[in-house]
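J.: Sequence first, then the predicted structure, then my questions.
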Amino acid sequence: MGLVDYRYWGKRDTKLILPTNSSLSVTLDQDHLRSTTTSRADPKFEKDRLWLNGKEEDIKEGGRMATCIREMKRLRREVEEKSPNEPKLSEMNVHICSHNNFPTAAGLASSASGFAALVSSLAALYSLPASPSTLSLIARQGSGSACRSLFGGFVAWEMGSKPDGSDSLAIQVAPREHWPDIHALICVVSDDKKGTSSTSGMQRTVETSTLLEKRIKVVVPERMKVISKAILEKDFDTFARVTMQDSNQFHAVALDTDPPIFYMNDVSRSIIALVTEYNRVSVAAGGKLKAAYTYDAGPNAVIYAPKENLKEIVELIVHYFPQADGFKDAFGLFGSGGAKGKVVEGFNEGVAKKWGVGAVKGLIHTRVGDGPRVLGAEEGLLGLEGFPKTTA
Ligand SMILES: Nc1ncnc2c1ncn2[C@@H]1O[C@H](COP(=O)(O)OP(=O)(O)OP(=O)(O)O)[C@@H](O)[C@H]1O
Ligand SMILES: C[C@@](O)(CCOP(=O)(O)OP(=O)(O)O)CC(=O)O
């Protein structure tokens, strides 16, 4: 899955999903957050079908899912036309089964992860020679943000200018190996389905916000260059500054929408105050920024930081947001004692109140990750007859 530093918010074409600005994201490690998708083509299947998290979803005719499947079949047809001995998979219906190991439709970019996994799974089924950028053109039509998740590492979605969308695709700015030190702490504030979907929210912003124009025309083009350079130079200070500025501006244009859209809540704002104070202490001592917050279309925070700062950051968050279940220490930061909660020296504890258990429901420690993986047959989600193995 990908989580974003530089946000996509607004479409110039809602059917083809063409954005009003370029954007950039970090693909996170699938060891911690992932969509797993299995697909199969069979002449016996009566129609294309999809099961998501154990429940069958309707594939609406002319809808985004149907478009992605149709486009993938079109690429397969090209292979079959060139190599007539290839089985005619493009003429068969497909069964697709997918599972997210994190909350769906809660502003944790499930549509990005899900559509990227769907397109990768069909590309493997169809043995397509297509590059991730070519596949990104199709994933984009499932959900805009999905196009970036076809790559690992640091990924830009170039908005393009052609009306048919053929140049609106993802490119990799740098693979994860370039800067593996970038870790992320996801603070799950809410895993409820969000009130205003990204799709409808961004359209309302396009129609009513006067601030958006400045963002699209002036701010984003400049900052895209700055953040790409920061990534290439592994300059965390600049990366952090631009990431936070862009998150703030995205939420500002959401607020500037009529009627306004609020994705962050008081817990989100407290986390901003904590990261800001944590950085202030570092800068006051002659150091640099040590962490960056960013918020998607929901209240959940993602805090990026070099790995060496994660222990302090977990301690800080746990100090203000006690956890019902202990912190799941995926990288072995704490040994057997676990995170008890504390602040760094010089930290002004008055910047936020201490919340009760449950204000931050869970913490996920992860890091920059690789791109789509092809799993072994034994890990497939469809049984021999092409139906989900379990309904769980
Ligand atoms: N694994 C998956 N496979 C296929 N489609 C998926 C998968 N996961 C999510 N989706 C699709 O994405 C939709 C959720 O997208 P939505 O934009 O509402 O939430 P989100 O992606 O969690 O939020 P955001 O994109 O704002 O971060 C689901 O209803 C489903 O159609
Ligand atoms: C806030 C965002 O996560 C918006 C994501 O929007 P979606 O990609 O979910 O929208 P659709 O293209 O309509 O499916 C920012 C981002 O991912 O860049």
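T.: Looks like it arrived, so ask away. Note that the structure is a prediction, hence the values are computed from the model and not measured. Ligands and ions are numbered 1, 2, ... in the order given.

J.: Where does the residue in the stretch 1-150 of the chain positioned nearest to ligand 1 fall, secondary structure wise?
T.: Proximity of the stretch 1-150 of the chain to ligand 1 (CB to the nearest ligand atom) peaks at residue 114, 2.1 Å away. Just so you know, the C-beta spots here come from the backbone N, C-alpha and C atoms, and that holds for glycine as well. Residue 114 is part of helix 110-125, with elements assigned from DSSP states H and E.

J.: can I assume the residue of the stretch 1-150 of the chain closest to ligand 1 is in contact with residue 57?
T.: No: with contact defined as CB atoms under 8 Å, residue 114 does not reach residue 57; the gap is 10.4 Å.

J.: Quick check on the two: which one has the bigger neighbour count.
T.: Neighbour count, other CB atoms under 10 Å: between residue 114 and residue 57, residue 114 has more, with 26 against 13.

J.: give the contact list for that one.
T.: By CB atoms under 8 Å, 6 or more residues apart in numbering, the contact set of residue 114 is 35, 37, 52, 98, 100, 104, 142, 143, 146.

J.: Check residue 334 too.
T.: Residues 311, 314, 327 are the ones in contact with residue 334 under the rule CB under 8 Å, 6+ apart.

J.: and if we set it to 10 Å?
T.: Contact analysis of residue 334 by CB atoms under 10 Å, 6 or more residues apart in numbering lists 311, 314, 315, 326, 327, 340.

J.: Can you classify it by secondary structure?
T.: Classification of residue 334 using DSSP: H, G, I helix; E, B strand; the rest coil returns coil.

J.: ditto for residue 293
T.: Taking three-state DSSP, the label given to residue 293 is strand.

J.: ok, it - how many residues close by?
T.: Neighbours of residue 293 (other CB under 10 Å): 25.

J.: That one pairs with what?
T.: Per DSSP bridges, the residues bridged to residue 293 are residue 303.

J.: if I look at it, how far off is residue 267?
T.: 12 Å (CB to CB, to the nearest Å).

J.: same question, residue 200
T.: From residue 200 to residue 267 the distance is 24 Å (CB to CB).

J.: which residues do residue 293 and residue 267 both contact?
T.: 187, 301.

J.: so how far is residue 260 from whichever residue of the stretch 201-350 of the chain sits closest to ligand 2?
T.: Nearest residue of the stretch 201-350 of the chain to ligand 2: residue 297, at 3.9 Å (CB to the nearest ligand atom). Residue 297 is 14 Å from residue 260, where distance means CB to CB.

J.: which of the two has more neighbours?
T.: It is residue 297, of residue 297 and residue 260, that has more neighbours when counted by other CB under 10 Å, with 27 against 11.

J.: Tell me which helix or strand the more buried one sits in.
T.: Per DSSP H and E, there is no helix or strand for residue 297.

J.: i'd like the first residue to be 49 from this point on
T.: Done: numbering now begins at 49, and the last item shifts to residue 345.

J.: For it, give me its contacts.
T.: Residue 345 neighbours (CB under 10 Å, 6+ apart): 52, 55, 57, 154-157, 193, 242-247, 249-250, 298-299, 302, 309, 311-312.

J.: mind running it again at 7 Å?
T.: Contacts for residue 345 were tallied using CB atoms under 7 Å, 6 or more residues apart in numbering; they are 155, 242, 246, 249, 311.

J.: List just the nearest of the residues you listed to ligand 1.
T.: Nearest member of these to ligand 1, counting by CB to the nearest ligand atom, is residue 246, at 3.7 Å.

J.: Which residue, other than its chain neighbours, is closest to the closest one?
T.: residue 345 (4.6 Å; CB to CB, 6 or more residues apart in numbering).
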